[in-house]
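Q: here is my input; please provide its structure:
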Amino acid sequence: MGRFTRFYSLVIVVFLLLACGKQEETTAQKPNAPVSNARYTPDGRRIITMGTWYDRYYMSKHQTIEDDPGMSYPETAELRLAKIREIEARYNVVFNSVNLTFDGVQESIETSVPEGKPDVDLYEVDLKFGIPAALKNYALSLEEIGLEGTDVLSTQNVMKYLKLSGHSEAYLFTPAVSGGTSAYVLAYNKDLIRKAGLPSPQDLWERGEWTWDRWRQYLKVLTRDADNDGRPEVYGFSGYWTNLLTNLLLSNNAGIARGAQEELSSPGALEALRFIYDMYNTDKTARPWDVSNWEINNRLYAEGLSGFWIGADWIFNEQGGKNLPFEIGVVPWPVGPGGSKETNRHSQPQNNWYLIPRGVEDPLLVYQVIFDWLNWYNDDRSLVDDRWSRSQYMNDRNFDYAAMMASRPGFDMWDNLGLNFDLVPMITGQVGPEDLVQEYSSRIQAVLNDFFD
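A: The predicted structure is shown next:
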């Protein structure tokens, strides 16, 4: 048993002591049950624990809606609290979460699940490590736990499921509605666009004229060097290169690792890489990448010094949106030469996902508990409102574009392969697109061969 596992075992015991109230209640096995890693209270209640990296509300340990310091909507908070009480009675369980930290969730999966003794009954995962966990056979498929042959995978509206290319089973699941948009939009400074005398990108999108070539023209016009008056530089684009790459691939009907065959060397992917290379090195319309601070590359927009950037509800909330002294617009990404406005995908699967680790006792019960817990609104989707997310987008037109993009996802595993695929040498001009393809394409294929073998 490694140092982390030993430490975590102590943490989980202490956590459960606090959650259940009495020390002797947390170490008991179910009366007359075979020895397992499942935990029960002395009166036979199953203790189900979810491992995540932040505080979750409302769970068995919470008694009032005020237990959530960030509670904004008392009506829905009351429904959530009532739902956990209902779950406890219906399934005879205690359901709580434990904050393992982001790295700790990954480490727990990698160390405890292969031994057949998962630290928790359920993991909340980012796809970055959730997908590799599923492909390594660390997760139970929903068919394995007892849902095969039922219509729950296709007829209900509470959960949506992720199936990987080459796999007919579903291993990862997430709420079908979350109140957010889960899309990384192309945001822009409307004031700079108007000042430059350029047509609205939103209007161009509606007319089918918002293309890579048109966007490249905008980037050139909006980029301004510092002059003798000491005015600061304005860049056509500043933002995370990861989202830039993903969205240009989607807008060009291209990918890198959408299935068993690598596509980095495909014409569509190479076109996206060349476009990015030209932004940073040929046209010099993108803010030079700062390797020391990821956030500073996207935050420039809040100073009014960026024409376009990566947008999302959480970004506008964190770095500035409706409170800034200029107007912000949101538009779908321009259509590439290999793409189509009608058929393009517009987002990667976002949000957090859940997986049930292999080795858990009665995994169907675990699934039923999390399903009901997430269905706190009792199938009334009108209660899962988008007030917060909508407010971050400043106006309905911005939000409607983001919602449309989120509703048309396209999956690509390139950021989940554990290869540390990195565009920084290319965007800083150290290598060209063809060099990057030559360096990574065979490595990507080798990993895909292992995954899909």
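Q: in the helix or strand where G104 lies, what counts as buried?
A: Here G104 sits within helix 102-112, counting by DSSP states H and E. Across helix 102-112, burial judged by 16 or more other Cβ atoms under 10 Å covers G104, V105, Q106, E107, S108, I109, E110, T111, S112. C-betas here are computed from N, CA, C, even on glycine.
Q: next one: stretch 399-412
A: F399, Y401, A402, A403, M405, A406, P409, G410, F411, D412.
Q: which of these sits closest to F308?
A: Y401 (14.0 Å; Cβ to Cβ).
Q: give me the element that closest one is part of.
A: Here Y401 is assigned to helix 396-406, by DSSP H and E.
Q: where does pLDDT dip in the stretch 51-200 of the chain?
A: 149-155, 163-167, 177-180 (pLDDT under 70).
Q: again, only this time at 80
A: Regions of the stretch 51-200 of the chain meeting the criterion pLDDT under 80 cover residues 72, 128, 148-157, 162-168, 176-182.
Q: show me what contacts the residue lying closest to P349 once chain neighbours are set aside?
A: Closest residue to P349 apart from its sequence neighbours, by Cβ to Cβ, 6 or more residues apart in numbering: P409 at 5.3 Å. Taking Cβ atoms under 8 Å, 6 or more residues apart in numbering, we find P409 in contact with R345, H346, S347, Q348, P349.
Q: 10 Å instead, please
A: Applying Cβ atoms under 10 Å, 6 or more residues apart in numbering, we find P409 in contact with K160, L162, S182, A183, L250, R345, H346, S347, Q348, P349, Q350.
Q: cool, L198 as well?
A: Y188, L192, L204, R214, Q217, Y218, V221, L222, G307.
Q: now with 7 Å, please.
A: Neighbouring residues of L198 by Cβ atoms under 7 Å, 6 or more residues apart in numbering: Y218, V221.
Q: pretty sure N99 contacts M50?
A: No - using Cβ atoms under 7 Å, N99 is not in contact with M50, being 10.2 Å away.
Q: if you count what's nearby, which of those two comes out ahead?
A: M50 (21 against 15; other Cβ atoms under 10 Å).
Q: distance check, that one against W314.
A: For M50, the distance to W314 (Cβ to Cβ, to the nearest Å) stands at 22 Å.
Q: and what of G320?
A: From G320 to W314 the distance is 12 Å (Cβ to Cβ).
Q: more neighbours, the two?
A: The neighbour count for G320 versus W314, taken as other Cβ under 10 Å, is higher for G320 (17 against 12).
Q: rewinding a little: what average pLDDT does whichever helix or strand comes after the helix holding Y401 get?
A: Proceeding N to C from helix 396-406, the next assigned helix or strand is helix 424-427, under DSSP H and E. Taken as a whole, helix 424-427 carries a mean pLDDT of 96.
Q: can you list the buried residues in the helix or strand just after helix 424-427?
A: Once the chain leaves helix 424-427, the next helix or strand it forms, by DSSP H and E, is helix 433-452. Neighbour counts over helix 433-452 (16+ other Cβ under 10 Å) mark P433, L436, V437, Y440, S441, I444, Q445, V447, L448, F451 as buried.
Q: in a markdown table: those residues, plus pLDDT.
A: Listed next are these as a markdown table, based on pLDDT from 0 to 100:
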| residue | pLDDT |
| --- | --- |
| P433 | 98 |
| L436 | 96 |
| V437 | 97 |
| Y440 | 96 |
| S441 | 96 |
| I444 | 94 |
| Q445 | 94 |
| V447 | 86 |
| L448 | 84 |
| F451 | 67 |
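Q: which one of the residues you listed is nearest to L423?
A: L436 (7.2 Å).
Q: not counting residues beside it along the chain, what's closest to the closest one?
A: M426 (5.1 Å).
Q: D372 too?
A: Counting by Cβ to Cβ, 6+ apart, I87 is the residue found nearest to D372 once chain neighbours are left out, at 5.3 Å.
Q: pull out the buried positions in the helix or strand encompassing that neighbour.
A: Using DSSP H and E, I87 sits within helix 74-91. By 16+ other Cβ under 10 Å, the buried positions in helix 74-91 come out as T76, A77, L79, R80, L81, K83, I84, I87, E88, Y91.
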